[in-house]
Structures are given as C-alpha cells and as structure tokens.
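Trainee: can't give you the sequence, but here's the structure:
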C-alpha cells in the first residue's frame, strides 16, 4: 500500500497532485488526533481544586440562524441551524483566564472585578486554567 502511494509521485501531474492532497489530509488528521490526545491528557482525570477567581469580562452573543444549502447532483436542500442566545463570563486566576457559560440573570448581576468562588483544574503540561464550576451569589 505504501509502495503504491510512493509510485503515485512518479506519474503525471494529476497523480502527483492527488498524492500530495492525500498526504496533506493524512497529516491534518494525524495532527488533529495528536492535539486531541494532548488536550485529553492535559485536562482529564485531574482533581478539582477550590479557589477564588476575579471576573474580568463578560460576553453576550445574540441568537442567530445559520442557513446551509446542500446540493448533490440534481438534489438541493436547505439546512437551517438555530444558535440560541448565550452569555459568558471571563474569570482570571493569577495570570490565567477561562470563560464560563452562565444564565442571563447571572450575566446581569455579576460585575467586573467581583471575586467568585470556583472549582478549577490546572493543565498537567500546559498549565492552562480550566474552571469547572463557578459559584455566583
């Protein structure tokens, strides 16, 4: 199989282009798989810690609708995807920050600079901050 792939590079320009596209796709899939393994190893199965984080920002995303038109040969169909409204609060501990999804009521009541008790994890390798739970008043 690998020898057949290598043989493709000896053909005309179309075969070379196809071999190059296959190689790029394989490299992209391998990169994504390695990234997924890194993220899992960095953040999964770590005990939560208790701490206090400072609210450093808020973000509201209005509801929006995405329309995708698919066509295959003679068939065409439309896919409509509704993305509901969302509210996020960015919280900082030390120099690291993470965003937490919250309700509209919590979004309206929280203020920048407020100290909030949280449960969090720190990445094994990246030292990233993963806030798993925030206890807003």
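Mentor: Sure thing, it's come through. What you are looking at is a predicted structure, and each value in this text was computed from that prediction instead of being measured. Numbers count the residues shown, from 1 in each chain.
Trainee: so, low pLDDT: which residues of this protein?
Mentor: Along the chain, the parts satisfying pLDDT under 70 run over 1-2, 4-11.
Trainee: elements contacting the helix or strand containing residue 27?
Mentor: In this structure, residue 27 sits in helix 13-43 according to DSSP states H and E. Other elements packing on helix 13-43 under the criterion 3 or more CB pairs under 8 Å, 6 or more residues apart in numbering; DSSP states H and E are helix 2-8. (C-beta placed from N, C-alpha, C; glycine too.)
Trainee: mind giving me the domain split of this protein?
Mentor: Following automatic domain parsing, one finds the domains of the chain at 2-43, 49-134.
Trainee: deepest of the ones you listed, which one?
Mentor: Of all the domains of the chain, domain 49-134 has the most neighbours on average by mean count of other CB atoms under 10 Å, namely a mean of 13.
Trainee: quote the end-to-end distance of it.
Mentor: 12 Å (CA to CA, to the nearest Å).
Trainee: go on, stretch 59-68?
Mentor: Using CA to CA, the two ends of stretch 59-68 sit 26 Å apart.
Trainee: against which helices or strands is the longest strand seen in the chain packed?
Mentor: Looking across the chain with DSSP state E, the single longest strand is strand 49-61. Here strand 49-61 touches strand 86-93, strand 115-122, going by 3+ CB pairs under 8 Å, 6+ apart.
Trainee: may I have the strands that pair with the last one, each with its orientation?
Mentor: Strand 115-122 has the following strand partners under DSSP bridges: strand 49-61 (antiparallel), strand 129-134 (antiparallel).
Trainee: return the distance of the longest one from the chain's centre.
Mentor: Its chain's C-alpha centre and that of strand 49-61 lie 18 Å apart, by CA atoms, centre = their mean, to the nearest Å.
Trainee: what does it rub up against?
Mentor: 83, 85-93, 97, 99, 107, 110-122, 131, 134 (CB atoms under 8 Å, 6 or more residues apart in numbering).
Trainee: check stretch 98-116 too.
Mentor: Taking CB under 8 Å, 6+ apart as the rule, stretch 98-116 contacts 52-60, 85-91, 120, 128-131, 134-137.
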